[in-house]
Each structure stands twice: as structure tokens, then as C-alpha cells.
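Q: What would the 3D arrangement of this be:
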Amino acid sequence: MAFLFRLKYNFPFTNQGLGGVFSQENQVSIIISMDNIRSYLTHLECTNCQQQFSAQEIHTLCSDCGKVLFARYDLTSVKGIWKKSDLLGRRNDIWRWFEIMPVLSVENVISLGEGATPLLHAHSLGEIHDAKQLYIKDEGLNPTGSFKARGLSAAVSKAKELGISSIAIPSAGNAAAALAAYGSRAKMEIHVFMPNDTPAMMMREAVVYDANLHLVDGLINQAGQELKASAKNWFDVSTLKEPYRAEGKKTMGLELAEQFNWSLPEAIIYPTGGGTGIVGMWKAFDELEQIGWIGSERPQMISVQSEGCAPIVRAFEKGDSHAELWEDAETIAPGMRVPVAVADYLMLQIIRESNGTALTVSDAEIHSSIHRIASQEGVFAAPEGAATYAAYEKLLANGHLQPEMSVVLFNTGSGMKTPDLITLPKKT
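A: Numbering: from 1, shown residues only. Below is the predicted model:
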């Protein structure tokens, strides 16, 4: 059975410094068939003990050691048959990378057009620092307003393929909204567990998508505990506790390589909560190197957290390989209010392997950066995304980064999801 996708595809790439971005001109409508495209998924592998598992069965964490599982692909075969030019004319979402995505049948893909977000050259912010290669990857333009759409599209699609009909998630907000949307489209039963002080807009999203909303007195880790205690036959798609959200998130790294004309920036600054973004992009770079599309160079992976919740920063500074629970976590950035993460060991390993670093910013600095990015670049960043610019300023000041370096700030969501952080002027 043929599956056809009608899309508008922008080409050719324009070359703006290192940041090749899609042209806004010459949009054409193309109909393509996915019949001759296949996934080269082979198995799952534990990131700790390397035990292998079937990708045709339902798995969460490694049954031997309890660590994160990665989807693995036959990259030798991919290298032999897949060319960069094959991407031209494909659908303009995360599923254009189908050969290294985990869904075997296109019939099971649940998509809302996620991915293909712009890489914006931050000219005005760059001028402030005499930095000509500062960029913003704007994930706020995804469906449901955040990068979580990528991961949940992949997780829900694979869950559908594995025959799962009831799915649940603990979330600080954006992941719940994304799961609710994709679960609704997949006609699944959805349960979302959220702290009762989650931004109201994200609760409303879950409700409007007809998810079952469970409010928890506590943080995301308590939400996870309540989900575990409540679940009967619900499949838990907690961050990196199943193998496929990371596959959706890795497409940020795939896109970044393409937008940089198959090279990579010198540094990526990423707001860190559960860590799937850092972990997924690092996996993407490895896979691209294995198929011969990029070299061995890697960007510094820089983790930014709030002063009020910084378990990864603390562990990095202490030289630890795991991060202890952060007590009494509090920050205006809900996505970074994650006091413990199952993939802490992976994040810390990646930061160190890349010669990156981890640092904190204050809520006041985050709030100021929201206004600075919006007024200078026209991007209404989520507080998590704004934290990356606050971190960039600190890293320039302490000499870790230099103005001439190519640096990408990841804005992981839309500031419209947290409108209460913006105060209106008083009437005069």
C-alpha cells in the first residue's frame, strides 16, 4: 500500500555563514512515496552493560542493570545505500530521517509536523558581544510549543507499533502536553502526572487533548512515583525510561548537522532537566559519523541548570559519575526543575568527553534573558531557553567561550507557555 505525503519543501539551502538555513523562496509542493524507504533498526542495547534486547518487544530500562537502553541500527548498510541527496524532497519533519528512526512501518507514524525548526543567526545578540557566529535553534515552533514534540512523536509511534494502547507520563509540563496531543492523535488512553503548581497553560493543554490529568503534591520525581503506584496496564514513557523518546530528540542533532552544512558548531548550550536532548544529540552525531556524513569533531556540550535545581552541575563540579537527588528544588523554569535524572551518568559522560562544562544561572538572570532575547531577536523564549543566553554571557566572561566561536543556544520551548512570567506595565 502506497503512503503519500504532500508537503511544501524549501530549497535550496542558503548559506549564511556556517548556518545553512532553508530558503523562504521557491516553495514547491511535492508528492513523494515512502514505499521504498525503510528503517534499519536492529535491536536495543544497554548503555551500561551492553546487553542486547529485541526491538520487537516492549522494554523500558535494562532488565539486567536498570540503565538506559538505546535503539541500534545497521549503520553499515545505511552507509552503503543512503546519500545526503536522498533527503531532498522528503517530508519536512523528523520522519525524513526514517532510515535511522525506530518505527518499522510508516503506517504507525504519529506526526503533527514536528521538527525542521529554524536555526536563527542571532545577529543583534551577537553584536553585543562581538560574536558573529551565535545562533538560536528555536524549538518553540514545534507542535505543542516545545522540543518535547519530537520525543513523544517517536515514543507514541513506536508504542502504537508494539500494540500499546494505554500510555502514561510524569512531567513538569511540556512533555505531558506533547504526550496528550500525540496520544490523542493515536487514539490511545493517556494519563499525565504533573506537579500541582505546573504552569496552568500546560495543564489546560492536557485537558483539551482529553488526557487524564493527575495532579501531584510534589515535583516530577514524586509524579513518577505516583504514576508507578497507580499504573495497572499503562506504559510509562518517563524520560529515558523507554528507548524511543531519545530517538525523536536526536533529530535536533541531525538537523543541526544539516543546517551547518554537515559540520557542527564549536559549542552547544542546552538547558538540562531530564537530559534527553543532550543524550539524543550526542547519539545522533555518532550515527552520522558512522555513516560517513560528518567527521569526528564534536561540539562542547554545555549543560545549564538553575541555581535552585542543579544536580548535574553539582555532580560535574565534584567529579562524580552520578548526580544525587537535589532537595527542595525550585525555579521559574519548570523544565529544569528535575531533581534527579535516570540518565545522569550519560549526561556527565558526554559533557566531559566533549570538553564541555556545566553551570548554573539564577532565576533573575533567566527572567532578564527572556526579555533580552525577545527584544533583540524576536524570539519569545521559554525560561529554559532563556537560561542558555544567560549561561553564554557567563561563559564569555569567564573565558570558557570566546566571541569568535560558533555557538548554538537551544531555545527548547515557547515563552507563551509561561505567560505569568511577563508582567504588564501599569496603566497610567
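Q: and G415, how many residues sit next to it?
A: 23 (other C-beta atoms under 10 Å). For glycine as for every other residue, the C-beta is placed from the backbone atoms N, C-alpha and C.
Q: Contacts only, for the closest residue to it other than its chain neighbours.
A: Ranked by C-beta to C-beta, 6 or more residues apart in numbering and with sequence neighbours excluded, the top spatial neighbour of G415 is F380, at 3.8 Å. Counting by C-beta atoms under 8 Å, 6 or more residues apart in numbering, F380 touches G140, I370, I373, A374, S414, G415, M416.
Q: just those now: which is nearest Q51?
A: Sorting the contacts of F380 by how near they are to Q51, with C-beta to C-beta, puts G140 at the top with 37.9 Å.
Q: quick one: secondary structure of that closest one?
A: helix (DSSP: H, G, I helix; E, B strand; the rest coil).
Q: measure it to L119 for me?
A: Taking C-beta to C-beta, to the nearest Å as the measure, G140 falls 13 Å from L119.
Q: Do a quick rundown of the helices in the stretch 51-200 of the chain.
A: For the stretch 51-200 of the chain, helices defined by DSSP state H, counting those that start in this stretch occupy the ranges 75-81, 123-129, 148-161, 174-185, 200-208.
Q: now for the ones you listed, which one comes closest to G385?
A: Of the helices of the stretch 51-200 of the chain, nearest to G385 by C-beta to C-beta is helix 174-185, at 11.4 Å.
Q: Alpha carbons of the closest one, as PDB, please.
A: Taking Å, rounded to 0.1, in the frame of the first residue of the first chain, the C-alpha atoms of helix 174-185 are listed here in PDB:
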ATOM      1  CA  ASN A 174       5.600  20.300  28.300                       C
ATOM      2  CA  ALA A 175       6.100  16.500  27.900                       C
ATOM      3  CA  ALA A 176       2.600  16.000  29.300                       C
ATOM      4  CA  ALA A 177       1.200  18.400  26.700                       C
ATOM      5  CA  ALA A 178       3.000  16.700  23.900                       C
ATOM      6  CA  LEU A 179       2.000  13.200  25.000                       C
ATOM      7  CA  ALA A 180      -1.600  14.300  25.300                       C
ATOM      8  CA  ALA A 181      -1.500  15.600  21.800                       C
ATOM      9  CA  TYR A 182       0.200  12.700  20.100                       C
ATOM     10  CA  GLY A 183      -1.700  10.200  22.200                       C
ATOM     11  CA  SER A 184      -5.000  11.800  21.100                       C
ATOM     12  CA  ARG A 185      -4.000  11.600  17.500                       C
END
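Q: Next, the buried residues of it.
A: N174, A175, A176, A177, A178, L179, A180, A181, Y182, G183, S184, R185 (16 or more other C-beta atoms under 10 Å).
Q: and what of stretch 362-382?
A: 363, 365-370, 372-373, 376-377, 379-382.
Q: Contacts only, for the nearest residue to H59 once chain neighbours are set aside.
A: Excluding the flanking residues, the one nearest H59 by C-beta to C-beta, 6+ apart is F53, at 5.3 Å. Contact analysis of F53 by C-beta under 8 Å, 6+ apart lists H43, L44, E45, C46, H59, C62, S63, L69.
Q: Any quick ChimeraX command for the buried ones out of these?
A: One line in ChimeraX is enough to select the buried members of those, burial here meaning 16+ other C-beta under 10 Å:
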select :44,45,46,59,62,69
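Q: Identify the farthest-apart pair in the contacts of F53.
A: H43 and S63 (14.1 Å).
Q: Quick check: D320 vs T117, distance?
A: Distance from D320 to T117, by C-beta to C-beta: 33 Å.
Q: One more: Y389?
A: 17 Å.
Q: got it, and K158?
A: Distance of K158 to T117, given as C-beta to C-beta: 22 Å.
Q: Where in the chain is the helix or strand with the lowest mean pLDDT?
A: When the helices and strands of the chain are scored by mean pLDDT, DSSP states H and E, strand 13-16 comes last with a mean of 36.
Q: Neighbour count for Y389 and T117, which is higher?
A: Taking other C-beta under 10 Å, Y389 and T117 do not tie; Y389 has more neighbours (29 against 23).
Q: going on from the helix or strand hosting the more buried one, what's the next piece of helix or strand?
A: Assigned by DSSP states H and E, Y389 belongs to helix 383-397. Following helix 383-397 in sequence order, the next helix or strand is strand 407-411 (DSSP H and E).
Q: was I right about A267 contacting E404?
A: No: A267 lies out of contact with E404 (C-beta atoms under 8 Å); the separation is 11.6 Å.
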